[in-house]
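1. Any chance you could fold what I've pasted below:
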Amino acid sequence: MLPWKRVLRPLAALLLTAAAVTAPATTAQASGASSSGWNDYSCKPSATHPRPVVLVHGTLGNSVDNWLGLAPYLKVRGYCVFSLDYGQLEGIPFFHGLGPVEKSAGQLKDFVDRVLAATGAAETDIVGHSQGGMMPRYYVKFLGGAAKVNALVGIAPSNHGTTLSGFTHLLPYFPGAADLLAKNTPALADQVAGSAFLTKLNTGGDTVPGVRYTVIATRYDQVVTPWRSQYLSGPDVRNVLLQDLCPLDLSEHVAVGLLDRVAFHEVANALDPGRARPTTCASAFE
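-> Reported below is the predicted structural model:
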């Protein structure tokens, strides 16, 4: 018999997320600009860092808040850094990454073209958190992105979907719940392990030739679960568990993208492997 008292609350939270975002919101729309200096379309990549970096936020994120830690970290190290908003739902400001993932990949395609045109670069590097680490794979695989992306770095990416600590397995017990997710928040439905979208994305292999892939995961991830499902298989793939680099790192799903400087150090290594330095707990203080 199912322990209903233990499972109803997390499942209700999942469904309420889908329902609540359909109500009018009053939060101010995040702009793509930032006082920290990224999204500067006059920035020209240097010989040291010849490719602009495009940051792709996660579900319920936006182009500013998701990157208040990592964008300045990369900017001060000499990168041209850009971030976009994608997956917007009508009437829902600020909280993005909720629309169909295929449509969001098209928005990324247009944004990358804009960045390349402005910077004069031939390729970009992409760093994404959560859905933002998975969604670019669709762009790379189906929308011509392989010719324009040198490296894809996923921080806690939903590459093979999530069970949300097992609670998505309970959706069949609640008639209409899956339909509610698909209707109100398509991106959530797309990221449930075993979804039609993920089946299409991963059929034929996880990777595309010519792109370097890095996955940075934390064993304490409570959103994209099991955490090993984040890993990719294929050539030119490096899967990294943060706790193998720093056993003291306790970051969970949100913190690893927002403020974990051990993870940020490993992102920098992935972007510039020729100048990579070992990532340790001390990297948090660099």
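
2. what's the helix or strand for Thr214?
-> Secondary structure from DSSP states H and E places Thr214 in strand 212-217.

3. gap between the following helix or strand past that strand and the chain center?
-> Once the chain leaves strand 212-217, the next helix or strand it forms, by DSSP H and E, is strand 237-241. Distance of strand 237-241 from its chain centroid, counting by CA atoms, centre = their mean, to the nearest Å, is 15 Å.

4. quick one on the thing from earlier: show residues contacting the strand holding Thr214.
-> With CB atoms under 8 Å, 6 or more residues apart in numbering as the test, strand 212-217 has contacts from 133, 150-157, 159, 206-207, 227-228, 230-232, 234, 236-242, 256, 263, 266-267, 270, 273. C-beta coordinates here come from the backbone N, C-alpha and C atoms, glycine included.

5. tell me the angle that strand makes with strand 237-241.
-> 10 degrees (axes from the mean of the first three to the mean of the last three CA atoms, to 10 degrees).

6. Strand 212-217 - what's its average pLDDT?
-> Mean pLDDT, computed over strand 212-217, is 98.

7. Let's see that strand as PDB, backbone CA atoms only.
-> The C-alpha coordinates for strand 212-217 follow below in PDB (Å, rounded to 0.1, in the frame of the first residue of the first chain):
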ATOM      1  CA  ARG A 212      32.800  18.500 -26.800                       C
ATOM      2  CA  TYR A 213      30.500  17.700 -23.900                       C
ATOM      3  CA  THR A 214      31.000  18.100 -20.200                       C
ATOM      4  CA  VAL A 215      28.400  17.200 -17.500                       C
ATOM      5  CA  ILE A 216      28.900  18.500 -14.000                       C
ATOM      6  CA  ALA A 217      26.700  16.700 -11.400                       C
END
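
8. Adjust the sequence numbering to begin at 24 for everything that follows.
-> Renumbered: residue one is now 24, and that last one reads strand 235-240.

9. Parallel or antiparallel, list what pairs with it.
-> Here strand 235-240 has these sheet partners by DSSP bridges: strand 172-178 (parallel), strand 260-264 (parallel).

10. Using JSON lines, lay out these together with mean pLDDT.
-> JSON lines is the format used below for the strands paired with strand 235-240 (pLDDT from 0 to 100):
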{"stretch": "strand 172-178", "mean pLDDT": "98"}
{"stretch": "strand 260-264", "mean pLDDT": "98"}
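
11. I'd like these laid out as a markdown table, including distance to Gly151.
-> As requested, these are arranged in a markdown table below (distance: least, CB to CB, whole Å):
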| stretch | distance to Gly151 |
| --- | --- |
| strand 172-178 | 6 |
| strand 260-264 | 15 |
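
12. Out of those, indicate the one that is most buried.
-> strand 172-178 (a mean of 26; mean count of other CB atoms under 10 Å).

13. can you list the residues that contact that strand?
-> 74, 135, 146-153, 155-157, 159-160, 162-163, 234-239, 253, 255, 279-280, 286, 290, 293-294.

14. where exactly do the strands run in the stretch 24-173 of the chain?
-> 76-79, 104-107, 147-152, 172-178 (DSSP state E, counting those that start in this stretch).

15. how about the ones you listed in a markdown table, adding distance to Val87?
-> Formatted as a markdown table, the strands of the stretch 24-173 of the chain follow (distance: least, CB to CB, whole Å):
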| stretch | distance to Val87 |
| --- | --- |
| strand 76-79 | 10 |
| strand 104-107 | 7 |
| strand 147-152 | 13 |
| strand 172-178 | 17 |
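
16. looking at those, which is closest to Val246?
-> strand 147-152 (10.7 Å; CB to CB).

17. who touches Gly228 in this structure?
-> Ser256, Gly257.

18. Just say helix, strand or coil for Gly227.
-> Here Gly227 is coil, with the state taken from DSSP: H, G, I helix; E, B strand; the rest coil.

19. What does the pLDDT read for it?
-> On the pLDDT scale, Gly227 gets 96.

20. Relative to Thr147, how far out is it?
-> 24 Å (CB to CB, to the nearest Å).

21. What are the phi and psi values at the nearest residue to Cys66 once chain neighbours are set aside?
-> Leaving aside its sequence neighbours, Cys66 sits nearest to Cys103 (CB to CB, 6 or more residues apart in numbering; 3.8 Å). When read as degrees, to the nearest 10, the backbone of Cys103 gives phi -80, psi 120.

22. So for Cys103, what's the pLDDT?
-> 98.

23. before we move on, what about Ala141?
-> pLDDT recorded at Ala141 is 97.
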